[in-house]
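In: What follows is a protein structure lacking sequence information:
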DNA sequence: CCAGACCATATTTTCGAAAATCATACCGTT
DNA sequence: AACGGTATGATTTTCGAAAATATGGTCTGG
């Protein structure tokens, strides 16, 4: 989607720096910028049409999120990937997500239930369009993210939600890494459905167990099908 | 310590931006810059001797760490404090720290034990100097931080350690907030000693319980003695 | 007297030139 | 040939001026 010509210079009310942070984040997560790739200012300047300092601000922010690697005096590069990093992210996600699911199930009200149900509904409808390659569909990605966000949205801790969001982004990059080599997606639709039902029926132990399996099996999948990208790094 | 005249322009090998990020972080944690205080570029420029863009980069990085609040098009301010925020940080710290202590106890080797013992030893020696006001002693702060870092250093997850470090910083700011109003510190020395012993003897359940109490009672203390700063925000 | 438009000022945000730093290739010496 | 130093070009990093935006006060019409 080469939209730099159509897109307005920046989104309304936002600074250019924030806008570029957002766009860079998307490209890194989607692996349009490959892991480990150097991020040279000449190139970025051309691609994003912003000045050195504005780009620098965006890269610094992404470095704090763990998506960019800042090498002092030697510029920036896309954060490299490794099996170890994937494992750490997976463990951290399980730790946080399990806690947040429990809290959400304990505290969630009617609005929470409605959000969980409706985001899943939308996700399923989008899935029917192209069940083979969901990750290539930007709408699926958004819907998938929104469903998982809805599940934990009632936890009551903005602090933990921010940490969760960061880990989710970093994990999504690994999913994209393996997406091109994965033969066929496993039955995610069924898993999501089961998680939703466990959550709505307030069966915390079951929901937690399903979420953990969901996260870990996705990671295993990545480790298997992106093995050649993780070992020779 | 007005050291801008003595201090070299920047630390060796580091960028000015990274150096200023570091200095600003320290001042915010120490509440030398008060919570909610606007961070105007004129003032910062004067104080840190750097240009707009360099300062901007530092502020953006600190915003990602949760120590600075970026208000688009309306500048930056020191992140405000609140009872709710303190609670969230405390809960998040317990969640993460408990996990990391367990892992460290399970995986720690001889070097880990030595690090735990020696950092505690140094902490105790520094404590004897001025047992009334430890938080005013920069050396105590460093030693205290290093002891708690040593405890979790064998966990094996750089990802979780980074999250833990961020939460520790944010919590330390709250401790400083109440430091001026707290009548007398409780028996921290004893608590640290007990935690060390539980860790070294590989009694994970006990260590975890002591750490949780340690974190929560510190937070309660802050909530009590900084109440006037937390409620009228 | 109030609400809204308008202007003047304060402040932030962005830019590209200039300085600093790094990487590489070249050269002379051993 | 191997090594160490140095000049050169490439790249990052920093700066302050200029543009963009917000803020606060004043004026006008209702």
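Out: Yes, it's here. The shown structure was predicted, so the numbers you read here are calculated from the model rather than taken from an experiment.
In: Kindly list the longest helix within chain A.
Out: For chain A, the longest helix by residue count, based on DSSP state H, is helix A:83-107.
In: Downstream of that helix, the next helix or strand is which one?
Out: helix A:110-129 (DSSP states H and E).
In: circling back: which strands and helices sit next to the longest helix of chain A?
Out: Helix A:83-107 sits against helix A:138-152, helix A:158-179, helix A:188-200, helix A:204-225, helix A:227-231, helix B:83-107, helix B:158-179, with contacts defined as 3 or more C-beta pairs under 8 Å, 6 or more residues apart in numbering or on different chains; DSSP states H and E. Just so you know, the C-beta spots here come from the backbone N, C-alpha and C atoms, and that holds for glycine as well.
In: let's go with 6 Å and repeat that
Out: Applying 3 or more C-beta pairs under 6 Å, 6 or more residues apart in numbering or on different chains; DSSP states H and E, we find helix A:83-107 packed against helix A:158-179, helix A:204-225, helix B:158-179.
In: DNA strand C: which of the ones you listed is closest?
Out: helix A:158-179 (20.3 Å; C-beta to the nearest atom of the strand).
In: Provide the angle between the direction of that closest one and the direction of helix A:83-107.
Out: On the basis of axes from the mean of the first three to the mean of the last three C-alpha atoms, to 10 degrees, helix A:158-179 is oriented at 130 degrees to helix A:83-107.
In: For the helix or strand encompassing residue A:63, which outside residues touch it?
Out: In this assignment (DSSP H and E), residue A:63 forms part of helix A:52-65. Helix A:52-65 is touched from outside by A:16-17, A:20-21, A:24, A:41, A:44, A:68, A:70, A:76, A:166, B:53, B:56-57, B:60-61, B:64, with contacts defined as C-beta atoms under 6 Å, 6 or more residues apart in numbering or on different chains.
In: quick one: strands adjacent to the helix or strand just after it?
Out: For helix A:52-65, the succeeding helix or strand toward the C-terminus, using DSSP H and E, is strand A:68-70. Strand A:68-70 pairs in its sheet with strand A:76-78 (antiparallel), by DSSP bridges.
In: and the partner strand, anywhere near DNA strand D?
Out: Yes - judged by C-beta under 7 Å from any atom of the strand, strand A:76-78 and DNA strand D are in contact via residue A:76.
In: again, but for stretch A:16-33
Out: No - counting by C-beta under 7 Å from any atom of the strand, DNA strand D is not contacted by stretch A:16-33; separation bottoms out at 8.7 Å.
In: quick one: buried residues of that stretch?
Out: Buried residues in stretch A:16-33, defined by neighbour count with 16 or more other C-beta atoms under 10 Å in any protein chain shown: A:16-25, A:28-31, A:33.
In: Among these, which ones lie close to chain B?
Out: Among the buried residues of stretch A:16-33, no residue lies close to chain B (C-beta under 6 Å from any C-beta of the partner chain).
In: and residue A:67, how many neighbours?
Out: Using other C-beta atoms under 10 Å in any protein chain shown, residue A:67 is surrounded by 23 other residues.
In: and the gap between it and residue A:76?
Out: 10 Å (C-beta to C-beta, to the nearest Å).
In: again with residue A:216
Out: 31 Å.
In: higher neighbour count, those two?
Out: residue A:76 (21 against 14).
In: quick one: contacts for the residue sitting nearest the centre point of chain A?
Out: Compute the mean C-alpha point of chain A, and by C-alpha atoms, centre = their mean the closest residue is residue A:169, 2.9 Å away. By C-beta under 6 Å, 6+ apart, the contact set of residue A:169 is residue A:29.
In: what does residue A:107 give?
Out: Here residue A:107 is in contact with A:154, A:156 (C-beta under 6 Å, 6+ apart).
In: Next, count neighbours for the residue nearest to residue A:160 when sequence neighbours are not counted.
Out: Here the nearest residue to residue A:160 in space, its sequence neighbours aside, is residue B:92; by C-beta to C-beta, 6 or more residues apart in numbering or on different chains that works out to 5.3 Å. By other C-beta under 10 Å, 23 other residues sit near residue B:92.
In: what about residue B:92, distance to DNA strand C?
Out: 28 Å (C-beta to the nearest atom of the strand, to the nearest Å).
In: Repeat that for residue A:29.
Out: From residue A:29 over to DNA strand C (counting by C-beta to the nearest atom of the strand), the distance is 22 Å.
In: Same check on residue A:93?
Out: In terms of C-beta to the nearest atom of the strand, residue A:93 sits 32 Å off from DNA strand C.
In: That residue: neighbouring residues, count only.
Out: Counted with other C-beta under 10 Å, residue A:93 comes out at 23.
In: ok and the helix holding residue A:63 relative to helix B:52-65, angle-wise?
Out: Using the same axes, to 10 degrees: helix A:52-65 against helix B:52-65 is 20 degrees.
In: circling back: pull the most distant pair out of the buried residues of stretch A:16-33.
Out: A:16 and A:31 (24.3 Å; C-beta to C-beta).
In: buried ones in stretch A:190-210?
Out: Within stretch A:190-210, judged by 16+ other C-beta under 10 Å, the buried ones are A:191-192, A:194-200, A:204, A:207-208, A:210.
In: Also within reach of chain B: list those from those residues.
Out: Within the buried residues of stretch A:190-210, nothing lies near chain B by C-beta under 6 Å from any C-beta.
In: which one of those is nearest residue A:100?
Out: residue A:208 (10.1 Å).
In: So what does the residue in chain A sticking out farthest from the centre have for phi and psi?
Out: Distance from the C-alpha centroid of chain A, by C-alpha atoms, centre = their mean, peaks at residue A:73 (29.3 Å). Main-chain torsions, residue A:73, degrees, to the nearest 10: phi 70, psi 0.
In: Nice, that's everything, thank you.
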